[in-house]
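J.: The following comprises the amino acid sequence and a computationally predicted model.
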Amino acid sequence: MSGEDVGTQLLSVREAEAGDYRTINVPDLLGYLQTKTELTRKTIAEILIRSGRLNEVQHNPQQFLEQAQQAIEAELRGLMIDGIKYEKIGGQEYEMLLFEEREILGSDLNQVLVKNSIYDEVSVDSEIEREFAEAMSTRTDIKLFIKLPGWFMIDTPIGTYNPDWAIVKEDDARVYLVRETKSTKNQLKLRSSEWAKIQCGKAHFDTLQVDFAHITNAFEV
């Protein structure tokens, strides 16, 4: 998309908001970003002014628009996640028994033989998950664990989230756990959508008083 595709010019906003009256001959920043983010023109103008980077528009208008859109969308996702709250509806919750009633499908190439799951094999999607399943199968304190099937979805403001594992651990007491396995815990090394959905998952399971954690190996369970 070229700069000409997104409009004609940005007119200065009120002096009280910008502290300066100028007309910048660039694409319509407000109109473009309003279409992409659904924020009001006033809100977008305030964001652009406070960024202190409006002088960069004239150098590469399209790049400025793309970077501004990415920054605004990232901040909106963060705000939604920080404020998310899950509530039980009609007392309905998933139970371990539910997974016995629905078929869990997977390719033979992605199966790991285990001793303490609903089935003799569990499906895995990565080497990290394979290593996790193999390690969990040797743990005497793990009474049951399953790879949560694809239909087990949690609604979040940025789409559905399918956590990795449900676990029943029993030592001095019995506890129910949900775990997400990734190769790293570093936010910068995960896709922003992955990180955001994990945070939403934590909020969801906190509400249900189920222990949820993002881990990298079975020793962290």
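T.: Cool, the structure landed.
J.: which residues in the chain form strands?
T.: Counting by DSSP state E, one finds strands in the chain at the ranges 10-11, 23-24, 111-113, 121-123, 142-147, 154-156, 159-161, 165-170, 174-181, 211-215.
J.: Tell me which of these lies nearest to I44.
T.: strand 10-11 (10.3 Å; C-beta to C-beta). Just so you know, the C-beta spots here come from the backbone N, C-alpha and C atoms, and that holds for glycine as well.
J.: re earlier: can I get the strands of the chain in JSON lines with distance to A71?
T.: Converted to JSON lines, the strands of the chain look like this (distance: least, C-beta to C-beta, whole Å):
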{"stretch": "strand 10-11", "distance to A71": "17"}
{"stretch": "strand 23-24", "distance to A71": "19"}
{"stretch": "strand 111-113", "distance to A71": "41"}
{"stretch": "strand 121-123", "distance to A71": "38"}
{"stretch": "strand 142-147", "distance to A71": "36"}
{"stretch": "strand 154-156", "distance to A71": "21"}
{"stretch": "strand 159-161", "distance to A71": "20"}
{"stretch": "strand 165-170", "distance to A71": "34"}
{"stretch": "strand 174-181", "distance to A71": "26"}
{"stretch": "strand 211-215", "distance to A71": "25"}
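J.: got those as JSON lines, with mean neighbour count columns?
T.: Shown next, in JSON lines, are these (neighbours: other C-beta atoms under 10 Å):
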{"stretch": "strand 10-11", "mean neighbour count": "17"}
{"stretch": "strand 23-24", "mean neighbour count": "12"}
{"stretch": "strand 111-113", "mean neighbour count": "16"}
{"stretch": "strand 121-123", "mean neighbour count": "20"}
{"stretch": "strand 142-147", "mean neighbour count": "21"}
{"stretch": "strand 154-156", "mean neighbour count": "17"}
{"stretch": "strand 159-161", "mean neighbour count": "15"}
{"stretch": "strand 165-170", "mean neighbour count": "18"}
{"stretch": "strand 174-181", "mean neighbour count": "18"}
{"stretch": "strand 211-215", "mean neighbour count": "17"}
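J.: Kindly report the domain assignment for the chain.
T.: Structural domains assigned to the chain are 3-83, 98-220, following automatic domain parsing.
J.: Helix or strand with the lowest mean pLDDT in the protein?
T.: One helix or strand of the chain scores below all others by mean pLDDT, DSSP states H and E: helix 15-18, with a mean of 40.
J.: Where does pLDDT dip in this structure?
T.: For the chain, applying pLDDT under 70 flags the ranges 1-27, 80, 89-109.
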